[in-house]
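In: can you look at this prediction? I've put the sequence above it.
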Amino acid sequence: ISMSIVDPVMSEQGWTFTDGAPDSVNGAAYLHQVYTRARPDYSGRVTVPVLWDRQQQTIVNNESSEILRLFNSAFDQLTGNHDDYCPADLQGEIERLNRLYSALSAINQLIVHAQSREELLEGAAHDRVVPPDDLSLEGLEAGEGDPAQLARVHPADRSGAEA
C-alpha cells in the first residue's frame, strides 16, 4: 500500500499533490484527476482521504472513518497484527463522534468556501445552520443528542425567512 500526500492548502485546481510530485499510482498532479480517472463524468466534490484500488482502477472509499474500519482487520492475515481500532464496546461512542465531526465539517464547508468576507456574509444570509431546540453543545459534550442535527442547513429567502 502506497500513500500520496496532498498539500494542506488547496490551489485553484483543488487538492495538489505535495511538492508538485505527481501521485505515485496514477501520475496525477491534482486529486480531481484521480476522481475523473475513476469516473470520467464526475463533477462532484473532491475530498480526502481517498482509497484507490489499483486492480480495479477506481476509488474504493473516500470517508476516513470507513477507511479506518476497512484497515482495522482487512490485512490481519498478512501482517499478523490483530489490534482493534474500533472495539465493539466503543462503537456507539465512535459513531457519535463521527456524526459530530461530520456536522462540524459541514459547518466548516460553509465558511471555507467563501472567498471574501462579503461572500461569507452573503452565504450566511442565504444558508444558515440551525440546531434543533433540544440540542446544545453542553449536551453533545455530555454524550446527549444527535450531533448530526447540527448539520441541518436551511436555505433562506432574500427576506431572511426560512424557505
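Out: That came in fine, so what should we check first?

In: what is the burial count for Leu31?
Out: Leu31: 23 surrounding residues under other C-beta atoms under 10 Å. In short, each C-beta sits where N, CA and C put it, glycine included.

In: please renumber the chain so that the first residue is 40 from this point on.
Out: In the new count, where the first residue is 40, that last one comes out as Leu70.

In: just the helices in the chain please.
Out: 70-77, 103-112, 115-118, 130-151, 156-165, 176-180 (DSSP state H).

In: nearest to Pro88, of the ones you listed?
Out: helix 103-112 (5.6 Å; C-beta to C-beta).

In: just the CA trace of the closest one, in CSV.
Out: Extracted C-alpha coordinates of helix 103-112, given in CSV (Å, rounded to 0.1, in the frame of the first residue of the first chain):
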residue,chain,number,x,y,z
SER,A,103,-11.9,8.4,6.7
SER,A,104,-13.9,6.5,9.4
GLU,A,105,-14.9,3.9,6.8
ILE,A,106,-11.3,3.5,5.6
LEU,A,107,-10.2,3.1,9.2
ARG,A,108,-12.7,0.3,9.6
LEU,A,109,-11.6,-1.3,6.4
PHE,A,110,-7.9,-1.3,7.5
ASN,A,111,-8.9,-2.4,11.0
SER,A,112,-8.8,-6.0,10.1
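
In: for that helix, which positions count as buried?
Out: 104, 108 (16 or more other C-beta atoms under 10 Å).

In: pick the most deeply packed of the helices of the chain.
Out: helix 70-77 (a mean of 19; mean count of other C-beta atoms under 10 Å).
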